[in-house]
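Q: how would this look folded up:
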Amino acid sequence: MFSIPGKQAVKMTDAAASQIARLMQKDGHQGLRIGVKKGGCAGMEYTMDYVDEVDPMDEIVEQDGARVMIAPMAQMFLFGTEIDYEVSLLESGFKFRNPNVTEECGCGESIKFDESLTAES
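A: Purely as a prediction, here's the structure:
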């Protein structure tokens, strides 16, 4: 597992924690699992899935009733990321502020990581 003792892999803003807690209560899920996969125009993209069963290999981050699980293969890519939830006139959704990203595509949904991280995966 890629972690630093005493430091959570990701942080959630109050808006993100509130939205995740709302989603958990609405459908009775255990939380959201966050990961990354190959795809998109920049090479990688974030994934978010409802979790009904906690995987013991996941890193778990809890805040204000919200629970996020980070898939083992994604932990090194997501370390230091802030998850936010933004609402605008045209769209609403989760936004990731990730210090490990070196490029983003124009749509904002596809990302590229530092070569040293992708070489290890």
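Q: count of neighbours near the closest residue to Gly39 other than its chain neighbours?
A: In space, and not counting its chain neighbours, Gly39 is closest to Glu45: 4.8 Å by C-beta to C-beta, 6 or more residues apart in numbering. All C-beta atoms are positioned from the backbone trio N, CA, C, and that covers glycine. Under the neighbour criterion other C-beta atoms under 10 Å, Glu45 is assigned a count of 17.
Q: kindly report the same for the one 3 residues further on.
A: By the other C-beta under 10 Å criterion, the neighbourhood of Met48 contains 15 residues.
Q: in which helix or strand does it reside?
A: Element membership of Met48, judged by DSSP states H and E, is strand 44-51.
Q: list the contacts of the residue nearest to the spatial centre of the chain.
A: Most central in the chain under C-alpha atoms, centre = their mean is Ile34, positioned 4.2 Å from the mean C-alpha point. For Ile34, the contacting residues are Val10, Tyr46, Thr47, Met48, Val68, Met69, Ile70, Ala71, Ala74, Leu78, Ile83, taking C-beta atoms under 8 Å, 6 or more residues apart in numbering as the criterion.
Q: re the thing from before, and the strand holding Met48, how far out from the chain middle?
A: 7 Å (C-alpha atoms, centre = their mean, to the nearest Å).
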